[in-house]
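Participant: Mind looking at a prediction? Sequence and model below.
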Amino acid sequence: MKKTLIVTSVISALLVGAASARAAEAAELWTKNCAACHGKEGAGKAKLGTKDLSVAAKQDSFSDEKLFTELKDGMKDSDGKVRMKPFAAKLSDADLKALVAYVRTLKK
Ligand code: HEC
C-alpha cells in the first residue's frame, strides 16, 4: 500500500516534469518562429494583418486540426496570397502539435 503510493507519486512527479518541459519548449518555438508576426503574447500586428489570438471568437474560428494543417502546409488568402509560409520543412509534427496547444494558452 505504502509502496504503491510512493510509486504513484514518483510517476506523477515525472509526468508533471515532462509536461512543463514541453510547455517551455513550445514557448521557445513560439518566440523563435511565430512571435515576429504574432507578437510575444499573440496580440497581433496591424501592419501584418495578424489578429489578436487572446480573443475567444478568434480562437473559436479555427479547430486544432485546421491550425495544424495551416502551420504544416501554409495558409493562403481566398485570393491566393500567402499569409503564413509552410513550416513542414522546419518543424516536426510533434513541434507543430505543441505549438497548437501553446496557441490555445494565449486565449484570455
Ligand atoms: C510571416 C508572418 C507569420 C509567421 C512567421 C507566422 N504567422 Fe501565423 N499568421 C500570419 C498571418 C498573416 C495570418 C492570418 C491573419 C490572422 O488570422 O491572424 C496568420 C494566422 C495564424 C493563426 C490563425 C489561423 C486561422 O485559421 O485563423 C494562428 C493560430 C497562427 N497564425 C499561428 C502561428 C504560429 C503557431 C506560428 C509559428 C509556427 C505562426 N503563426 C507564424 C502570419 C504569420
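Facilitator: It's in. Residues are numbered from 1 along each chain as shown.
Participant: Specify the helix with the largest residue count in this protein.
Facilitator: When the chain is parsed with DSSP state H, its longest helix is helix 2-33.
Participant: What's the first helix or strand after that one?
Facilitator: Reading on from helix 2-33 to the C-terminus, the next helix or strand found by DSSP states H and E is helix 35-38.
Participant: which element is the residue nearest the centre of the chain on?
Facilitator: Centroid-nearest residue in the chain: residue 99, 2.1 Å away (criterion: Cα atoms, centre = their mean). Assigned by DSSP H and E, residue 99 belongs to helix 93-105.
Participant: The least confident helix or strand in the chain by mean pLDDT: which residues count as buried?
Facilitator: Here the helix or strand of the chain ranked lowest by mean pLDDT, DSSP states H and E is helix 2-33, holding a mean of 86. Using 16 or more other Cβ atoms under 10 Å as the test for burial, helix 2-33 gives 26, 27, 29, 30, 33. Glycine gets a C-beta too; all of them are placed from N, C-alpha and C.
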